[in-house]
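Enquirer: pasted the sequence and its predicted model underneath.
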Amino acid sequence: MKSSEPKILIIYTGGTIGMVEDHHSKTLKPFDFNEVNKELPELKKIKCQIDAVSFKKPIDSSNVSPKIWEKIGDYIFENYDKYDGFVVLHGTDTMSYSASALSFMFQNLNKPIIFTGSQLPIGMVRTDGKENLITAIEIASTKRDNVSLVQEVAIYFEYQLYRANRTTKISSEHFEAFKSYNFPSLAEAGIDINYNINSLYRPKKNRLSYLKGFDSRILIIVFFPGISEKNVKNQLENTSAKVIILMTYGSGNIPLSDQIMKLIKRHTSRGVVFLNVSQCKVGRVEQQKYETGKQLYSSGVIGVGDMTLEAVITKSMLYLHRYKNQEELFKKEFLTEKAGEFSI
């Protein structure tokens, strides 16, 4: 290969995609991504150089933690100047969380970090893994005028490229496993890969910023018809959480309750931050629209607009770590758009 060809690093963390059939036992075994060019000869048609690294102990994505996000981030940061793009292979269950976390950890990217995986192992006849991997690599290696076309963290899955922090997993059985409800796809793969140029994120500054450290002191309260004030009170008074996410109805509403409002005000006065996230997948939180939303707003609750729950959680954890016991600084940074995670 020519030295001028883009260099891509594949990082295999675990997940369904990394399994192939053993020709002797006919059972599934881990795929050797160091032999990726041998196993997938189609990759030779892509004009790029490919290297691969794997976790020594690949993980089930349901076991993902912030430490894993930092491990992935460190792989990328340590090799950032050596490669033109990165493809992260990850289990689908928590891919949106991990990819969202990376989008906040790496700010002002000038090259792509593409997450992908599969619903069926790459060693199965009807796998979606081959197409997902091949196209993710092609996207990661694509340049225009010697500049990476995609300069953000994204998820490629089933012919669609999505902004990572706008995605949610929607299916455990269909190949179309992810959706970006409130933001258009960045590209669609068919005979050609058609990019939505106007939707691609561009860094605000030239200098890469890599942030690490997460604080998991977060509580989620899901509202439902019939939820008792006692239930909410017990959750609020028996937690050490510094950020409490309220999963509300519609545009950001909860049942009218003087007791719940008093509890929220009491905790905000103690430095706890409340975030209002709608249970709806489409649309945005607008706390000034209805009376209950207005009461939440006047109690100090922050509406998150059209952010996904995955983005809210990961962004909160990152900035909670950076601004321990500094709720006003936390609020300021949380409400500042970092990687296209909400519509302005």
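Expert: Perfect, I can see it now.

Enquirer: from what I can see residue 6 touches residue 51, true?
Expert: No. Taking contacts as CB atoms under 8 Å, residue 6 lies outside contact range of residue 51: 11.7 Å. C-beta coordinates here come from the backbone N, C-alpha and C atoms, glycine included.

Enquirer: who's more crowded, the two?
Expert: The residue with more neighbours, out of residue 6 and residue 51, is residue 6; 20 against 15, by other CB atoms under 10 Å.

Enquirer: dihedrals phi and psi, that one?
Expert: Dihedral pair for residue 6: phi -60, psi 140, per degrees, to the nearest 10.

Enquirer: start the count at 59, not 1, going forward
Expert: From this message on, residue numbering opens at 59, which makes the last subject residue 64.

Enquirer: got a list of what it touches?
Expert: The contact partners of residue 64, by CB atoms under 8 Å, 6 or more residues apart in numbering, come to 105-107, 142-143, 198-199, 201.

Enquirer: not counting residues beside it along the chain, what's closest to residue 149?
Expert: The shortest distance from residue 149 to any residue other than its chain neighbours is 2.6 Å, reached at residue 119 (CB to CB, 6 or more residues apart in numbering).

Enquirer: likewise residue 207?
Expert: Counting by CB to CB, 6+ apart, the residue nearest residue 207 is residue 200, at 4.7 Å.

Enquirer: do the same with residue 67
Expert: Closest to residue 67 by CB to CB, 6+ apart is residue 141, at 4.5 Å.

Enquirer: which SSE is that neighbour in?
Expert: Taking DSSP states H and E as the definition, one finds residue 141 inside no helix or strand.

Enquirer: which parts of the stretch 209-358 of the chain are strands?
Expert: In the stretch 209-358 of the chain, the strands defined using DSSP state E, counting those that start in this stretch lie at 211-215, 218-221, 226-227, 236-237, 245-247, 251-253, 267-268, 276-280, 301-306, 331-336.

Enquirer: winner for burial among these?
Expert: Ranked by mean neighbour count under mean count of other CB atoms under 10 Å, these are led by strand 211-215, which reaches a mean of 29.

Enquirer: report all helices and strands that it contacts.
Expert: With contacts taken as 3 or more CB pairs under 8 Å, 6 or more residues apart in numbering; DSSP states H and E, strand 211-215 sits against helix 153-163, strand 171-174, helix 187-199, strand 218-221.

Enquirer: so how far is residue 171 from residue 138?
Expert: The gap separating residue 138 from residue 171 is 10 Å, by CB to CB, to the nearest Å.

Enquirer: of these two, who's got more company?
Expert: residue 171 (27 against 17).

Enquirer: my guess is the more buried one meets residue 146, correct?
Expert: Yes. Using CB under 8 Å, residue 171 is in contact with residue 146, at 6.5 Å.

Enquirer: what is in contact with these two at once?
Expert: residue 160.

Enquirer: helices along the stretch 259-402 of the chain, start to end?
Expert: 287-295, 316-326, 349-356, 367-380, 385-392 (DSSP state H, counting those that start in this stretch).

Enquirer: can you say which of these is packed in most?
Expert: helix 367-380 (a mean of 23).

Enquirer: chain center to it: distance?
Expert: Here helix 367-380 is found 11 Å from its chain centre; the criterion is CA atoms, centre = their mean, to the nearest Å.

Enquirer: same check, this time on stretch 163-174
Expert: With CA atoms, centre = their mean, you get 11 Å for stretch 163-174.

Enquirer: again, but for stretch 240-259
Expert: Stretch 240-259 has its C-alpha centroid displaced from the chain centroid by 18 Å (CA atoms, centre = their mean).

Enquirer: what comes up buried for that stretch?
Expert: 240-241, 243-245, 247, 251, 253, 257-259 (16 or more other CB atoms under 10 Å).

Enquirer: show me the contact partners of it.
Expert: Outside stretch 240-259, the residues that reach it (CB under 8 Å, 6+ apart) are 193, 196-197, 200, 207-210, 212, 214, 217-221, 224, 340-342, 364, 366, 397-398, 401.

Enquirer: endpoints of stretch 386-401, how far apart?
Expert: One end of stretch 386-401 sits 22 Å from the other (CA to CA, to the nearest Å).
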